[in-house]
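Student: Sequence first, predicted coordinates after that:
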Amino acid sequence: MRFTKSIFAATAVAAMVSGGALAESLTIATVNNGDMIRMQGLTEDFTAKTGHEVEWVTLEENVLRQRVTTDISTKGGAFDIMTIGMYETPIWGSNGWLVPLDDLSDEYNAADILPAMSGGLSHDGTLFAAPFYGESSMIMYRTDLMEAAGLEMPDAPSWAFIAKAAREMTDRDKDINGICLRGKAGWGEGGAFITAMSNSFGARWFDEKWNAQFDTREWSDTLNFFVNMMKDAGPAGYATNGFNENLSLFQQGKCGMWIDATVAASFVTNPKDSTVADKVGFALAPDNGMGVRSNWLWAWALAIPAGTQKEAAAKQFIEWATSTSYIELVAEKEGWANVPPGARISLYENSNYKDIPFAKKTLESILSADPNNSTVDPSPYVGVQFAAIPEFAGIATEVSQEFSAAYAGKQTVAEALAKAQDITNEAMEAAGYR
Amino acid sequence: MARAVSSQRKLLNTLIAWSLGLIIFFPILWTILTSFKTEAQAINDPPIFFFFDWTLENYAVVQERSNYMRFLWNSIFIAGGSTLLGVLIAVPAAWSMAFVPSKRTKDILLWMLSTKMLPAVGVLYPIYLLFIELGLLDTRVGLVVVLMLINLPIIVWMLYSYFKEIPGEILEAARMDGASLKSEILYVLTPMAIPGIASTVLLNIILAWNEAFWTLNLTAAKAAPLTAFIASYSSPEGLFFAKLSAASTMAIAPILILGWFSQKQLVRGLTFGAVK
Amino acid sequence: MATHHSRSAARLMMAPTVILLLGWMLVPLIMTLYFSFKKYLPLRGGDLGWVGFDNYVRFVTSSSFWPSVATTLFIVGCVLAITVILGILLAMLLDQPMWGQGIVRILVIAPFFVMPTVSALVWKNMFMDPTNGILAHLWRFFGAEPVEWLSQASLQSIVMIVSWQWLPFATLILLTAIQSLDSEQLEASEMDGANHLKRFWYIILPHLGRAITIVVLIQTIFLLSIFAEIFVTTAGAFGTKTLTYLIFQRVLESQNVGLGSAGGVYAIILANLVAIFLMRIVGKNLDT
């Protein structure tokens, strides 16, 4: 078996025009989002260009996160490339677990990566993961319903306007909810939304001495505002709705507004899946007059675990998948609306992309999020909808579970906040911050 | 058995049993039906039962996205391999406990079952490190061994219950006839034990097939079975009921069919010695 | 029969199983114990030294600990009660003469073959979804407000899903036991004029005792460690965090292996307490 394989590999090498490198088989762990699934479909292009084979391990986000974290922290070596986010990259990079991506080819043009993205995917100025796509969050709304309600969406609305519009657009008899938002437990689901929202209300997770801040007025304002608005204008059972549930509701025409990831814009405007494709408008995520908007910043990026035997081939793959020529490849096959957005400056200067209705608002949203300065009052952490410390994922998941229970009416907002305060301080004490 | 029953009563039994059976089976039926719909039909209000345009599109999409046959083959290899290995190891143990019981037999049996109580996630890191050390990560062999160990207590217990029901007198008689230990096992015990072994094998294939913690956490690309296949469909973007149904149907169909064909065997095997 | 020769042969035959299981039990157990006394944080560089009983204290004093024990016992208790009671009724029904008995039996046992992940996904999305789920359609059809199953009736929903999966197992074992019931005995009691209830109480139920014991014992082992059903449906929110799930959160979500290991030790203790309790109540039926 091994013998035939090596003969096969040898012929592959001989057949290769570029030559030099040995044909490898890369194992890549990735998340099951649409853009990554499209990438899997295009793998042949990579194999044809380099001779390397690719084996995909595609998992749902939560499972993927556990799987790759276990593997990298034990130096298991099960994967040659991992798909990780803005939260993991700086932490893993500082642990020395990732191969620095500071020697990518000139042709790749790393300077073309949006600074917001490369900044969030670096540690001490070294890039540790290359963004496959980047996102912020923004408002997607139904232009027809907005008009019917006699309202006009500003480019940069306030929360007061959103709450008013949501209530006016709601029509329970027609099964239309004024606004659909994430309420699902999990730090990357409802936790991400409420944290980004709380920023615009002047709240923060920790003060400068790492004390939890859930006992503050700002947090209780945030949560009360959210719960009241969702009670009047949100869908039934929103406490279990995450990104996918809301996307599905919006595509079915059951939401007036939806504030979520900018990448969703291409799904809701795609007539193949969406019943409301031609009636969607976009606006910046709302603010509360305090100088901070409620949009987040995120990237799904490709990184190489330190110690892999196939570093050269893995770098070749990353250069292929996050390059401008990959974007052109997707544009050619699936149209410009479906290219991975938010990673490269040149995409937003491309004349073909300018006509895409959501391109401008996506870029504006990304540019307006600053991970180093995300809260009204100063905070000791980096990250908009998260704090880039190893303990955050665990704490925020538990905290968001308490919040979800409050959304479902199983406890009051005050109870949820009190529990959140305890959970957070308890965990920060255990981790030695306080 | 020969109790006379009025056909009226029989009709009533039939009606109630069929309705209950269909209610219990309904989630599976609904999944299978939905897998042949388009995404729009899958969420149609009111729900559509049979009168829709049957399509294989979802299966095509799922197959294009992931190589089903490889997951299937891994599942078969791991479930089958771990069961066979487990039975090979368990038969002698169960045999000796059943025919040469000692004071401690009952304690040993219960102790074996108690080894199943350690929560898997609590030992994930230790086992993961061990697997790296031994080079077993993402190998089918590694999973065969782990699943065999997980199910070994159940296998031993089932076989033990079976063997106990084989009357000792038969063995005595065989011995009187001068049968050696070898021929005793080969010609007297084995034929009597085969139904029990068969159902033990079946039950354990099902348990191993459905094990979703270790199979997911100890594999990457090469050894991943159908449990990993389904983990990539659990929350796709947008409308996904039909595709989820297709993937679910593909994941459970093989074991469902096996279960149905061997239903009679299984019924006999699940006694755990409960029938005397 | 038990000659010296056969006894040592028996030991020899048992050896592989016992050694393997001993290894499978001791290696992880010792490693769990080892880690539970360590500050072991993979994301902060791994092993950070011995901490005594810190992890044990921290795990128990966490506000999530006792609720998770209660949730675990609630789920196990409810599922056991439902599957055993419905299982007995279903088994008695299936034992009656009817047309198409084989097919009905196939329909009833089918859920047992479905992977927990798949069944949780199907129930969550296609049945319990408050907008598109089939139960919501049903509720609306009767003019009622759809139930938000997983947030409003979270524990009940999980009990329902798990019961659906385990009912076939209980039914099968109980059916096998009922079929072995001496029909002459039943007929005799019929002659004596014993009514249905009496017959059930004095003849059928005692006969099923052993089978019920088996069902309870095997299911408890599996139910104490249910995970996929919670992970997929509520991810531990709305008071559905079991002890197993809490350990999962500590080990994988918080990446605190030491704390999670201490939790693992507690889980073993709980499992053994439950086992002892069960043995006391039903163990007398288990005259192995």
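Tutor: In hand now; what should we look at?
Student: Could you list the low-pLDDT ranges of the chain?
Tutor: No chain was given, so I picked chain A. Residue ranges of chain A with pLDDT under 70: A:1-21.
Student: I was after chain C.
Tutor: Along chain C, the parts satisfying pLDDT under 70 run over C:1-6, C:182-184, C:186, C:189-191, C:193-194, C:279, C:281-288.
Student: Closest residue of the stretch 101-250 of chain B to chain C?
Tutor: B:Gly122 (2.7 Å; CB to the nearest CB). Just so you know, the C-beta spots here come from the backbone N, C-alpha and C atoms, and that holds for glycine as well.
Student: list the contacts for whichever residue of the stretch 151-288 of chain C sits closest to chain A?
Tutor: For the stretch 151-288 of chain C, the residue closest to chain A is C:Ser254, as judged by CB to the nearest CB, at 2.7 Å. Contact analysis of C:Ser254 by CB atoms under 8 Å, 6 or more residues apart in numbering or on different chains lists A:391, A:393-395, A:427, C:260.
Student: again, but for A:Ile81
Tutor: By CB under 8 Å, 6+ apart, the contact set of A:Ile81 is A:26-29, A:302-304, A:314, A:317-318.
Student: For it, give me phi and psi.
Tutor: Per-residue torsions, A:Ile81: phi -140, psi 140 (degrees, to the nearest 10).
Student: nearest residue to A:Thr143 other than its sequence neighbours?
Tutor: Distance criterion CB to CB, 6 or more residues apart in numbering or on different chains; nearest residue to A:Thr143, sequence neighbours excluded, is A:Gly281 at 4.6 Å.
Student: do the same with B:Trp18
Tutor: C:Val104 (6.0 Å).
Student: any idea what that neighbour is structurally, helix, strand or coil?
Tutor: The three-state label given to C:Val104 by DSSP: H, G, I helix; E, B strand; the rest coil is helix.
Student: Same check on A:Ala78?
Tutor: Here A:Ala78 is recorded as coil under three-state DSSP.
Student: ok so, going back, just among the contacts of C:Ser254, which is most surrounded?
Tutor: C:Gly260 (30 neighbours; other CB atoms under 10 Å in any protein chain shown).
Student: Distance from whichever helix or strand that one is part of to the middle of the chain?
Tutor: Here C:Gly260, judged by DSSP states H and E, is contained in helix C:257-282. How far helix C:257-282 lies from its chain's middle: 14 Å, per CA atoms, centre = their mean, to the nearest Å.
Student: That one packs against which elements?
Tutor: Applying 3 or more CB pairs under 8 Å, 6 or more residues apart in numbering or on different chains; DSSP states H and E, one finds that helix C:257-282 makes contact with helix B:105-114, helix C:4-36, strand C:38-41, helix C:54-61, helix C:65-95, helix C:205-223, helix C:243-248.
Student: try 7 Å this time
Tutor: Where contact means 3 or more CB pairs under 7 Å, 6 or more residues apart in numbering or on different chains; DSSP states H and E, helix C:257-282 is packed against helix C:4-36, strand C:38-41, helix C:54-61, helix C:205-223, helix C:243-248.
Student: Out of these, which is the most enclosed?
Tutor: Among the helices and strands packed on helix C:257-282, helix C:243-248 has the highest mean neighbour count (mean count of other CB atoms under 10 Å in any protein chain shown), at a mean of 25.
Student: and it, what other elements does it pack with?
Tutor: Packing partners of helix C:243-248 (3+ CB pairs under 7 Å, 6+ apart): helix C:65-95, helix C:257-282.
Student: repeat that with 8 Å
Tutor: Other helices and strands packing on helix C:243-248, by 3+ CB pairs under 8 Å, 6+ apart, are helix C:65-95, helix C:228-233, helix C:257-282.
Student: To B:Ile48, which of the ones you listed lies closest?
Tutor: Comparing the helices and strands packed on helix C:243-248 by their distance to B:Ile48 (CB to CB), the top pick is helix C:228-233, with 25.4 Å.
Student: Pull the residues that contact that closest one.
Tutor: Outside helix C:228-233, the residues that touch it by CB under 8 Å, 6+ apart are A:62, B:212-213, B:234, C:115-117, C:119-121, C:123-124, C:128, C:150, C:154, C:157-158, C:161-162, C:165, C:236, C:240-242, C:245, C:248.
Student: contacting residues around the closest residue in space to A:Ala414 that isn't next to it in sequence?
Tutor: Using CB to CB, 6+ apart and skipping the chain neighbours, the partner closest in space to A:Ala414 is A:Ser220 (7.0 Å). In this structure, A:Ser220 makes contact with A:413-414, A:417, judged by CB under 8 Å, 6+ apart.
Student: Just the buried residues of those residues.
Tutor: A:413, A:417 (16 or more other CB atoms under 10 Å in any protein chain shown).
Student: Just send the contacts of A:Ser220 back as JSON lines, with secondary structure too.
Tutor: Converted to JSON lines, the contacts of A:Ser220 look like this (three-state DSSP):
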{"residue": "A:Val413", "secondary structure": "helix"}
{"residue": "A:Ala414", "secondary structure": "helix"}
{"residue": "A:Leu417", "secondary structure": "helix"}
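Student: just curious, which of the contacts of A:Ser220 is nearest to chain C?
Tutor: Among the contacts of A:Ser220, and counting by CB to the nearest CB, the member closest to chain C is A:Leu417, at 13.9 Å.
Student: Can I get the contacts of C:Ser254 in CSV including secondary structure?
Tutor: Compiled in CSV, these are given as follows (three-state DSSP):
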residue, secondary structure
A:Glu391, coil
A:Ala393, helix
A:Gly394, helix
A:Ile395, helix
A:Ala427, helix
C:Gly260, helix
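Student: burial of the nearest residue to the residue of the stretch 101-250 of chain B closest to chain C once chain neighbours are set aside, as a residue count?
Tutor: Among residues not flanking B:Gly122 along the chain, C:Gly264 sits closest, at 2.7 Å (CB to CB, 6+ apart). Residues near C:Gly264, counting by other CB under 10 Å, number 32.
Student: Pull the contacting residues for C:Gly264.
Tutor: C:Gly264 touches B:118-119, B:121-123, C:32, C:36, C:247, counting by CB under 8 Å, 6+ apart.
Student: Looks like A:Glu218 contacts A:Ala203 (just checking).
Tutor: Yes - with contact defined as CB atoms under 8 Å, A:Glu218 and A:Ala203 form a contacting pair (3.6 Å).
Student: on that earlier part again, just checking, the residue nearest to B:Trp18 touches C:Ala91?
Tutor: No - at 12.0 Å, C:Val104 does not count as touching C:Ala91 under the criterion of CB under 8 Å.
Student: and the gap between the residue nearest to B:Trp18 and A:Leu64?
Tutor: From C:Val104 across to A:Leu64, the span is 42 Å (CB to CB, to the nearest Å).
Student: Looking at those two, which is more packed in?
Tutor: C:Val104 (25 against 21).
Student: Quick one: residues contacting that one.
Tutor: Taking CB under 8 Å, 6+ apart, one finds B:17-18, B:20-21, C:94, C:98 in contact with C:Val104.
Student: got the residue ranges for the strands in the stretch 251-400 of chain A?
Tutor: Secondary structure of the stretch 251-400 of chain A by DSSP state E, counting those that start in this stretch: the strands cover A:255-261, A:280-284, A:297-303.
Student: Can you tell me which helices and strands the shortest one packs against?
Tutor: Under the contact definition 3+ CB pairs under 8 Å, 6+ apart, strand A:280-284 sits against strand A:130-142, helix A:143-148, helix A:264-268, helix A:359-368.
Student: Next: the first one.
Tutor: In terms of contacts (3+ CB pairs under 8 Å, 6+ apart), strand A:255-261 is packed against strand A:130-142, helix A:159-169, strand A:177-180, helix A:243-251.
Student: 6 Å - rerun?
Tutor: Using 3 or more CB pairs under 6 Å, 6 or more residues apart in numbering or on different chains; DSSP states H and E, the elements in contact with strand A:255-261 are strand A:130-142, strand A:177-180, helix A:243-251.
Student: Residues of the stretch 1-150 of chain B that sit close to chain C?
Tutor: B:1, B:5, B:10, B:13-14, B:17-18, B:21, B:24-25, B:27-28, B:31, B:43, B:46-47, B:89-90, B:92-93, B:96, B:100, B:106, B:109, B:112, B:115-119, B:121-123, B:125-126, B:149 (CB under 6 Å from any CB of the partner chain).
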